[in-house]
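Novice: generate coordinates for the sequence data below:
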Amino acid sequence: MWHLAQVAPQRRETGVVAILDARRQAKKIVRQLRRDYPDATCALNFSSPLELLVATILSAQCTDKRVNIVTKELFARYKTAADFAKLPLPTLERAIQSTGFFRNKAKNIRDCCRKLVQQHGGEVPRDIESLVALPGVGRKTANVVLGTGFGIASGVVVDTHVGRIVRRLGLTEEADPVKVERTLCDLLPKKDWIDFSHLLIAHGRAVCVARGPKCDRCSLRPMCPRIGVV
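Specialist: The predicted structure follows:
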């Protein structure tokens, strides 16, 4: 759990919204995005926390659509952490090759599952400290698994969509995902931590794209300073 730093309520000259205004702003953003994307959820297909963990590792530098294609066959063959733990690396590499960076991902998945078997009885732990101690698992992956897999609000998932949009909205100036997450955890009530990333990812794919954001049809335009948008 974050030990949230206290942020002074003064407006900074850089244009980042003052913290008290930013909390109100964040509340308005969540309310509007819930209206725009009532069904926003994780785009990865999974039927267990283990499958979500593996799929999230595979999603690095890869589209969710491609991951879902790969995991459909992968999860049909391998059901448990023990199954993945005993897989020869070349076999796993071939199975996930199309997701990119497959050698590193294969090693992380196998080593992660070996540790699950050795230290957690083959089960995915439900606390962030244990998750980030697993090979290939950082805060983003841990937050995905806890939030989407277990319904535990451990933090805010910060991927490229979330980082880009919150900077455009003026909610933070930070580029480092850990610092962005810390800021968002301070701005948002804990009950919104899980949904916030799903909502922003949906918005980032549909409207607030990386290049050429569709500001003319964005429901957030009245409250968006469009920082960094040319």
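Novice: list the contacts of stretch 40-52.
Specialist: Taking CB atoms under 8 Å, 6 or more residues apart in numbering as the criterion, the residues outside stretch 40-52 that touch it are 33, 55-56, 59, 64-65, 67-68, 71-72, 75, 80-81, 113, 116, 123-124, 144-145, 148-150, 195, 198-199, 201-202. Every residue, glycine included, has its C-beta placed from N, CA and C.
Novice: how far is it from where the chain is centred?
Specialist: Distance of stretch 40-52 from its chain centroid, counting by CA atoms, centre = their mean, to the nearest Å, is 12 Å.
Novice: also stretch 99-111?
Specialist: The chain centre lies 19 Å from the centre of stretch 99-111; the measure is CA atoms, centre = their mean.
Novice: any idea of the mean pLDDT in it?
Specialist: If you average the pLDDT over stretch 99-111, you get 98.
Novice: and the residue nearest the centre of the chain?
Specialist: Val157 (3.5 Å; CA atoms, centre = their mean).
Novice: count the residues that sit near the spatially closest residue to Gly151 that is not a sequence neighbour.
Specialist: Using CB to CB, 6 or more residues apart in numbering and skipping the chain neighbours, the partner closest in space to Gly151 is Ile194 (7.3 Å). Number of residues near Ile194 (other CB atoms under 10 Å) recorded here: 23.
Novice: got a pLDDT number for Ile194?
Specialist: Looking at Ile194, its pLDDT reads 97.
Novice: same question, the one 4 residues further on
Specialist: Here the pLDDT value assigned to His198 is 97.
Novice: before we move on, back to that, host element of the residue nearest to the centre of the chain?
Specialist: Using DSSP states H and E, Val157 maps to neither a helix nor a strand.
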